[in-house]
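1. have a look at this fold, sequence not included:
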């Protein structure tokens, strides 16, 4: 009995709920349904940081919300600003787990993109990715995923235009909550499906399942090698899902959605940056409607024992030239953002200063 008395009751967070959930909530309290619409609007359209800002609710209603709910499932633990305007957020969830997300300024479009996490930590364990060193902690629920975007908007008072599921975790191993979050991003946050990208290490059954949802989001696949042997070193999940099965699922995804796929390829000196690898990659993707994004490796403290270093820029450019010529696909080199605050690709590991 004594233990129960000292247990902390975690109040339900309202940020990240759907419009239907707000209607249900106010109905349960005995308030008119339009009250739910008002709260929903304050959270999703006006990005309020407290119940006190909800001025079209009376004092008694605001007090009730304060006593029974919390606004956000995330608390900002730390924020770091990069010289290139990138902001890295470290969030603490109500259960004590930490996650990171990143806001990037897209200069060419004069807009902001949010790189968000779907899990606390990650179980995949790719040797070039710092998140794997954290280990897997938990799957996020949909409102914890969506509130990363809303939290950025509350903090900066600036709208997020694009969302990429490229933060911590493998989104397709948290399928149901990620799918719910995608619908919330579209329907409540107001970001169109074509401005949402989901990045996966390559889980063929889930890729096919996602294809059948007929969403118009972009699928990005962390391929990182054109052959089975090298890919098993760089993406351990490849030991379970072979290259043929993965490529089959990508063709299935394109045929179902008609959405061009992004192939992600981190450039590692002496491991996957040889010219013959470029030619193998060209052969592998020749019939796939895709483009390739080459990613300069960002050094991390890896626990895998695999020695990794970044390919020299001249080697990356040569790889790009051969790959473009041989595959006749669009090939880009990712522009690094936030590297000075450990916010670049592969660097998210909840490091607090």
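-> Good, I have the coordinates. The shown structure was predicted, so the numbers you read here are calculated from the model rather than taken from an experiment.
2. the stretch 251-353 of the chain: helices as residue ranges?
-> For the stretch 251-353 of the chain, the helices defined by DSSP state H, counting those that start in this stretch cover 275-285, 313-327.
3. again, but for the stretch 51-200 of the chain
-> Under DSSP H, counting those that start in this stretch, the stretch 51-200 of the chain gives helices at 59-68, 131-134, 142-156, 175-184.
4. just send those helices back as a markdown table, with mean pLDDT and mean neighbour count too.
-> Placement of C-beta: from N, CA and C, glycine included. Formatted as a markdown table, the helices of the stretch 51-200 of the chain follow (pLDDT from 0 to 100; neighbours: other C-beta atoms under 10 Å):
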| stretch | mean pLDDT | mean neighbour count |
| --- | --- | --- |
| helix 59-68 | 96 | 13 |
| helix 131-134 | 74 | 22 |
| helix 142-156 | 96 | 23 |
| helix 175-184 | 97 | 20 |
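5. one step back: which one of the helices of the stretch 251-353 of the chain lies closest to residue 226?
-> helix 275-285 (3.8 Å; C-beta to C-beta).
6. returning to what we had before: quick one: which of the helices of the stretch 51-200 of the chain is nearest residue 20?
-> Nearest to residue 20, of the helices of the stretch 51-200 of the chain and by C-beta to C-beta, is helix 175-184 at 10.9 Å.
7. and the closest one, what other elements does it pack with?
-> helix 142-156, strand 196-200, helix 204-211 (3 or more C-beta pairs under 8 Å, 6 or more residues apart in numbering; DSSP states H and E).
8. just how off-centre is it within its chain?
-> Put simply, helix 175-184 sits 12 Å off its chain's centre (C-alpha atoms, centre = their mean, to the nearest Å).
9. what's the angle from it to helix 204-211?
-> Here the directions of helix 175-184 and helix 204-211 differ by 30 degrees (axes from the mean of the first three to the mean of the last three C-alpha atoms, to 10 degrees).
10. which pLDDT does the model give residue 2?
-> pLDDT, residue 2: 44.
11. elements contacting the helix or strand harbouring residue 34?
-> Element membership for residue 34, per DSSP states H and E: helix 33-44. Under the contact definition 3+ C-beta pairs under 8 Å, 6+ apart, helix 33-44 sits against helix 19-29.
12. tell me what the helix it packs on is packed against?
-> helix 33-44.
13. got the buried residues for the helix it packs on?
-> 35, 36, 38, 39, 40, 42, 43, 44 (16 or more other C-beta atoms under 10 Å).
14. and it, how far out from the chain's middle?
-> 27 Å.
15. what does stretch 219-232 give?
-> On C-alpha atoms, centre = their mean, the centre of stretch 219-232 falls 19 Å from that of its chain.
16. stretch 280-299 too?
-> 20 Å.
17. that one spans what distance, first to last residue?
-> Using C-alpha to C-alpha, to the nearest Å, the end-to-end distance of stretch 280-299 comes out at 26 Å.
18. stretch 56-74 now?
-> The first-to-last residue distance of stretch 56-74 comes to 25 Å (C-alpha to C-alpha).
19. ok, the closest residue to residue 157 other than its chain neighbours to residue 158 distance?
-> Distances taken as C-beta to C-beta, 6 or more residues apart in numbering put residue 47 closest to residue 157, at 6.9 Å, once the chain neighbours are dropped. Counting by C-beta to C-beta, to the nearest Å, the separation of residue 47 from residue 158 is 9 Å.
20. higher neighbour count, these two?
-> Of the pair residue 47 and residue 158, residue 47 is the one with more neighbours under other C-beta atoms under 10 Å, namely 20 against 13.
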